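Engineer: Curious how this folds, go ahead:
(4 chains, ligands or ions: 4)
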Amino acid sequence: MHFDAFDRYHEKESFIHHLDPRVKVVITVIFIISNVLLPDGAWLAFGMAWLLLLAANGYSRLGLGYTLKRSLIALPFALIAITVLFSIPGKSLYEFQLLMWKLTITDAGLLRFESILIRSWLSVQMAILLVAVTRFPDLIHALEHLKVPAILTTIISFLYRYLFVLTDEVFRLIRARESRSAAATGARSGGGVLWRARVAGNMAGQLFLRSYERSDRIYNAMTARGYSGHLYTLNPHEMKSNDYFTTALAIAFIFMTQILGRL
Amino acid sequence: MHYSPEPLHIPDGFLSLAVSIVCWVISAIVIGMAISRTNKSLGEKQIPLMGVMAAFIFAAQMINFPVLGGTSGHMLGGALASIVLGPWAGMLVMTAVIAVQALLFQDGGLLVMGANIMNMGLVTAAIGYGLYRSVSSQSRGVKLAVAGVAAWLSVMAGALLTSLQLWLSGTSELTVVIPAMLGVHALIGLGEALITVSALGFILQTRPDLLGDGSDSAKASRNWVYVGWAVALVVVLLSPLASADPDGLERVAIDMGFIDTGLSAPYEIIPDYTLPFLGETPISTIAAGVIGAVVVGAILVLLGRGMKAKS
Amino acid sequence: MPVTHITNQFATPECDDNVLMVNELRFSYPDGHAALNGVSLKLCVGDKVALVGPNGAGKSTLMLHLNGILHGQGDIQIAGKRLTRDNLPLIRSMVGLVFQNPDDQLFSPTVFEDVAFGPLHMGLPEADVRARVDAALEAVRMSGYRDRLSHHLSVGEKKRIAIATVLSMNPSLLVLDEPSAGLDPRARRTLINLLRELPITMLVSTHDMTLVKELFPRTIVMDEGLVVADGLTGDILEDEALLTAHGLEKP
Amino acid sequence: MPVTHITNQFATPECDDNVLMVNELRFSYPDGHAALNGVSLKLCVGDKVALVGPNGAGKSTLMLHLNGILHGQGDIQIAGKRLTRDNLPLIRSMVGLVFQNPDDQLFSPTVFEDVAFGPLHMGLPEADVRARVDAALEAVRMSGYRDRLSHHLSVGEKKRIAIATVLSMNPSLLVLDEPSAGLDPRARRTLINLLRELPITMLVSTHDMTLVKELFPRTIVMDEGLVVADGLTGDILEDEALLTAHGLEKP
Ligand SMILES: Nc1ncnc2c1ncn2[C@@H]1O[C@H](COP(=O)(O)OP(=O)(O)OP(=O)(O)O)[C@@H](O)[C@H]1O
Ligand SMILES: Nc1ncnc2c1ncn2[C@@H]1O[C@H](COP(=O)(O)OP(=O)(O)OP(=O)(O)O)[C@@H](O)[C@H]1O
Ligand SMILES: [Mg+2]
Ligand SMILES: [Mg+2]
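Structural biologist: Ligands and ions are numbered 1, 2, ... in the order given. Have a look, this model is predicted:
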């Protein structure tokens, strides 16, 4: 079983793929901050932000709709914001009866709801784009360059490496459980919820022990190659003029979006 | 089987910049403390251990069990991580897990990552470890029972914090979000408790040596017990109050100055968030955001330096 | 039971009571990779059959279909019952699937709990569960290990317990995926003797050609999602051209 | 180099320049289990030696001593240098240890980072590191894999990269723990050819007696923490009594 499906990187030849990962991380974060700062109902600015996304999609040769297709992940969470439809005072648009409550959708409420969704949807797309055009190890290097403490980036790079190994293990455990989840004719099968939860907990415990012992073996393998408490890495990236130029251009564009959103 | 998003992971766009930054600062400070503490007690083995344990938590979150009609329960893991690794290492491990979920799977946003780390990594670890620690010399049954309660409370604490952040951001109405989040997570928390307890039971049975008394000094662990119980107490007291009388909670918040103008002005929650000399313009909001970000960055850099100097 | 093995490369034996019948099974993984391209085979009661082929031939994928963990197109019948979504739990009690790594199979702290999982899930009364656990452990010669912690067993012991975890469900068909991988010669010998003695129909995938030669009268060769040969082991192992073509070696 | 192999069960070869000399090594695990009970052996430059024995014989434990991951009582010398706490980093650059599971050995996200790990921790300048990585990947015929992600590789490919991770440290002695476990016949063949070509002294633990016969002129048999035989592979494989006594089989 392979969990390659976890990898979100899309190998393509494009200048965006070749940008320094720092540049991509910084632009992504600024873009997301900018979205959050845009006022409710700044349609023009939202449109401009999306334009930037479309352009980035296009330039990275992923196809214009690439991030769009995958951007629904945050949608279920929107449920949580639904109350603003009714709670913000404004002109009544629509009234209806839900069980014992009389609910009124207001124009201000609708505006706010839509704006929250659009901000989130734009931000998620940018994040999707970031990992589609940057290999995850390069992303980790970018975090190192951006002075995220070494201990965190190290944990993250181990996490990334062993994510695949351990999710494979989990998957095989679940398979083994499934293949013995049998029934006999005439009897009620499945056991109680508590028993099933206990089995799941046992699987977690089993996985913990195996992970723990694996970390011991990894430590041995590291020691055997000279590790003695301090990790050294080569710095594989260098900012080129191209990188500075793209950063400046993107920031200028995002700044213009902000101004447009507030006119 | 696919990677499935979790209800507690807030995406970008749902929290205001102010709330996001405040949460980032708080989380960064706690993470900084965690880094300097783990550095002090850091055996060489600790690095691969924490790395693999982070992968373990990630993978363990995918172990589910059927509950009713197609729904299934699973685990967040904050309490378990801190019980088996100690509070500081547990926090770092959870931070890495949440960061990878946001970076690689867009499960949870980047700007709101501070909030997500706080809700699912820091508070859960504090409650889990604090409560478990207070009974670590008791019998196996007591330990497991308390671990279960701690796991349940850790999920409730995360849900409560998430609700408050959403409300402070003007994304959700308190009267709805608190009962809804707490109601749902009271059930999710049961799954967390059940899995945590039997996973711990498994470890206690097969490798009890791994759950030894830890390397914490007596004083440090007493402090954790206080912190853990204090956070737990807040959850226990605040949750029913908030569910029963959210309006009351809102009033208290207004009285205490958290909220001046109510929900319609989500950017002004922190009274002096707008900078006086710039006036109440969008520019001043941006400037404040930038300053916030610089502060966070500076803290991270300083912590990074401190760490290097020590190692 | 009279089992007629035909050395014709695409022949399957004729018998009155098939334990397993697979007909034109096709399956592609979600990523589009076609792992099975029309596999057909039959097993008679009492057959012990080796399934060989290079890495990626589709052996494990086929095995995962036999108790409905994967669902492809085509027909699968176990002891005359068609495998459908509705009778999945029943089929699972009839097909005992043992995976390569016993650590995946053993997820409970004690040997007893693991062997009891299947019967408990089937909803059997407690006395029956205990009787089945005892019988299964007896069959793999591990009666003394009932209350041991699985975690502390050697690989060879774990392998035998893993087999017990499906024997306790009284399966009509035992399906083993690479049972001898990672065993030292002695443990391997013990396993071979155990498999020889078990009076159950079995289908065993392996890269261990010595095992094939010693244990299985009949061999099925798979490559690229197809059955490329099916016949008496002796004949297949003599067919150098066939072996080389599919990345295999004579023992 | 004249290497005299003596088939006497406790003889070790005589030569002028020993790459490895172990003298009366004893070690007990913290739980009190005595895993090594006085092991002595010598390897000459260019020797390729198989280390066989049943599960639990102490093979892996011995290997972990050879570059100081475990410390027992007794003497270990690598190329004439005694292994002490002080020269540990030097010794580690001379002894390349490859563990059984390549997933434990390859702990970095990319192949390059993994192969560079050893040279980087030896404190070499960047240009040297890059040159060594290239040479090591070249040696295992994996030059094209520099920037690949480790988790995308097949087991056979991972195995070869694992060997490259220690070759990049230019070791005088290569120590491999069960290199062929879990490989299919084709991948195993590739590995055998690779090991045959590598011009380095090596000590290889394995349960794969065919590998032993094909690749190693000399074999050391361990059991219960002791060397019980050391001699020409041909002689040892003929000694049925010896093999049976220590749970081994003729290939
Ligand atoms: N989850 C998956 N997603 C996509 N492709 C897969 C998946 N699992 C297996 N495959 C592919 O399907 C094909 C058949 O794989 P399978 O595991 O059945 O082979 P196998 O004969 O068991 O090989 P081995 O001897 O290595 O165990 C291979 O090409 C494999 O890469
Ligand atoms: N960490 C440990 N703690 C206690 N005992 C151990 C530990 N590791 C190994 N042992 C024991 O030491 C003995 C030697 O183990 P070792 O792993 O060296 O055997 P081996 O010859 O490599 O076996 P295999 O062929 O199974 O790899 C065994 O009895 C084993 O149970
Ligand atoms: Mg397979
Ligand atoms: Mg070993």
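
Engineer: Could you grab the helix/strand/coil label for A:Lys147?
Structural biologist: coil (DSSP: H, G, I helix; E, B strand; the rest coil).

Engineer: any low-confidence regions in the stretch 1-150 of chain B?
Structural biologist: B:1-7, B:42, B:68-71 (pLDDT under 70).

Engineer: what does the model give B:Asp209 for pLDDT?
Structural biologist: For B:Asp209, the model assigns a pLDDT of 85.

Engineer: gap between it and C:Leu183?
Structural biologist: Separation of B:Asp209 from C:Leu183 (Cβ to Cβ, to the nearest Å): 28 Å. C-beta here means a position set from N, CA and C on the backbone, and glycine is covered the same way.

Engineer: Comparing the two, which residue is more hemmed in?
Structural biologist: Applying other Cβ atoms under 10 Å in any protein chain shown to B:Asp209 and C:Leu183 shows that C:Leu183 carries more neighbours, namely 21 against 9.

Engineer: Got the phi and psi for C:Leu51?
Structural biologist: Backbone torsions of C:Leu51, given as degrees, to the nearest 10, read phi -120, psi 110.

Engineer: Give me the distance between A:Leu75 and D:Glu238.
Structural biologist: 72 Å.

Engineer: hmm, stretch B:145-161 touching chain A?
Structural biologist: No. Stretch B:145-161 does not reach chain A (Cβ under 8 Å from any Cβ of the partner chain); its nearest approach is 10.4 Å.

Engineer: Can you give me the buried ones in that stretch?
Structural biologist: Using 16 or more other Cβ atoms under 10 Å in any protein chain shown as the test for burial, stretch B:145-161 gives B:146-161.

Engineer: Could you do stretch A:213-223 as well?
Structural biologist: So stretch A:213-223, judged by 16+ other Cβ under 10 Å, has buried residues A:Arg214, A:Ser215, A:Arg217, A:Ile218, A:Tyr219, A:Asn220, A:Ala221, A:Met222, A:Thr223.

Engineer: and of the buried residues of stretch B:145-161, the nearest to chain C?
Structural biologist: When the buried residues of stretch B:145-161 are compared for distance to chain C (Cβ to the nearest Cβ), B:Ala147 wins out at 16.3 Å.

Engineer: Pull the number of nearby residues for B:Arg133.
Structural biologist: B:Arg133: 27 neighbours (other Cβ under 10 Å).

Engineer: try A:Glu114
Structural biologist: 16.

Engineer: dump the residue contacts of the residue of the stretch 151-251 of chain C found nearest chain A.
Structural biologist: In the stretch 151-251 of chain C, the residue that lies nearest chain A is C:Met169 (5.7 Å; Cβ to the nearest Cβ). For C:Met169, the contacting residues are A:Arg180, A:Ala182, C:Arg92, C:Ser93, C:Gly96, C:Gly118, C:Pro119, C:Met122, C:Arg132, by Cβ atoms under 8 Å, 6 or more residues apart in numbering or on different chains.

Engineer: just for chain C, where's the confidence low?
Structural biologist: C:1-13.

Engineer: A:Glu114 looks like it's in a helix, true?
Structural biologist: Yes. A:Glu114: assigned to a helix according to three-state DSSP.

Engineer: I'd say B:Val177 and A:Thr83 touch.
Structural biologist: Yes. Contact criterion Cβ atoms under 8 Å: B:Val177 and A:Thr83 qualify, at 6.8 Å.

Engineer: residues from chain B in reach of chain D?
Structural biologist: Residues of chain B found near chain D (Cβ under 8 Å from any Cβ) are B:Pro48.

Engineer: Against D:Val39, how distant is whichever residue of chain B sits closest to ligand 2?
Structural biologist: Nearest residue of chain B to ligand 2 (Cβ to the nearest ligand atom) works out as B:Asp209 at 10.9 Å. Look at B:Asp209 and D:Val39: by Cβ to Cβ, they are 28 Å apart.

Engineer: which residues of the stretch 1-150 of chain B fall in strands?
Structural biologist: B:65-66, B:72-73 (DSSP state E, counting those that start in this stretch).

Engineer: For chain B, give the helix that spans the most residues.
Structural biologist: Counting by DSSP state H, the longest helix found in chain B is helix B:174-206.

Engineer: The helix or strand where A:Thr153 lies and chain C, any residue contact?
Structural biologist: Using DSSP states H and E, A:Thr153 sits in helix A:150-179. Yes. Helix A:150-179 is in contact with chain C by Cβ under 8 Å from any Cβ, via A:Glu169, A:Arg172, A:Leu173, A:Arg175, A:Ala176, A:Arg177, A:Glu178, A:Ser179.

Engineer: The residue of the stretch 151-263 of chain A found nearest chain D - nearest residue in space that isn't next to it in sequence?
Structural biologist: Residue of the stretch 151-263 of chain A nearest chain D, by Cβ to the nearest Cβ: A:Gly226 (3.3 Å). Leaving aside its chain neighbours, A:Gly226 sits nearest to D:His121 (3.3 Å; criterion: Cβ to Cβ, 6 or more residues apart in numbering or on different chains).
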